[in-house]
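Undergrad: Sharing a model prediction with you, sequence too.
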Amino acid sequence: MFFDIGAGEILGLAIVGMILVGPERLPKVAVEAAQWLKKARGLAQSATAELRENLGPGFENLQPEDLHPKNFVKKQLGDLLDEQPVKKSAKPLAKIDPELI
């Protein structure tokens, strides 16, 4: 699922929603929530498309997860550490574990 929510949790939320909102108003509230979610998703997709367009070539496959600082550092450090030449006679170079960053 989207937020890692299981069927039992969805059922629990539906029961709590039915108690708080009432069974007669619950369908209207659900429709409004779905419309709000659709607008938010459309806004996020248009913002991502605009960002790709403004960044120019080379960023066609940009994903929102790539903008998280931890993912960015992992990607950059991974590329740098893979490019270092290793001498056979020298001790192996210590690599930075990206999970520690």
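TA: Okay, I see it. Numbers count the residues shown, from 1 in each chain.
Undergrad: Break down this structure into its helices, ranges please.
TA: For the chain, the helices defined by DSSP state H cover 7-21, 26-55, 69-83.
Undergrad: pLDDT weak spots in the chain?
TA: 1-3, 58-59, 76, 79-94, 98, 101 (pLDDT under 70).
Undergrad: Show me the domain layout of it.
TA: 1-62, 68-101 (automatic domain parsing).
Undergrad: ok, back up a step: out of the helices of the chain, nearest to Leu62?
TA: helix 26-55 (5.2 Å; CB to CB). (C-beta placed from N, C-alpha, C; glycine too.)
Undergrad: packing partners for the closest one?
TA: With contacts taken as 3 or more CB pairs under 8 Å, 6 or more residues apart in numbering; DSSP states H and E, helix 26-55 sits against helix 7-21.
Undergrad: for the helix it packs on, which positions count as buried?
TA: Of all the residues in helix 7-21, those buried under the rule 16 or more other CB atoms under 10 Å are Gly17.
Undergrad: again with stretch 63-80
TA: Applying 16+ other CB under 10 Å to stretch 63-80 flags Lys74 as buried.
Undergrad: hang on, the earlier thing: would JSON lines of the helices of the chain with distance to Asp97 be doable?
TA: As requested, those are exported to JSON lines (distance: least, CB to CB, whole Å):
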{"stretch": "helix 7-21", "distance to Asp97": "34"}
{"stretch": "helix 26-55", "distance to Asp97": "29"}
{"stretch": "helix 69-83", "distance to Asp97": "10"}
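Undergrad: so what's the most centrally placed residue in the chain up against?
TA: Against the mean C-alpha coordinate of the chain, by CA atoms, centre = their mean, the closest residue is Glu65 at 4.6 Å. Glu65 makes contact with Asn71, according to CB atoms under 8 Å, 6 or more residues apart in numbering.
Undergrad: Stretch 49-65: end-to-end distance?
TA: This stretch, stretch 49-65, spans 14 Å end to end (CA to CA, to the nearest Å).
Undergrad: And the residue nearest to the centre of the chain, how close does it get to Arg52?
TA: 14 Å (CB to CB, to the nearest Å).
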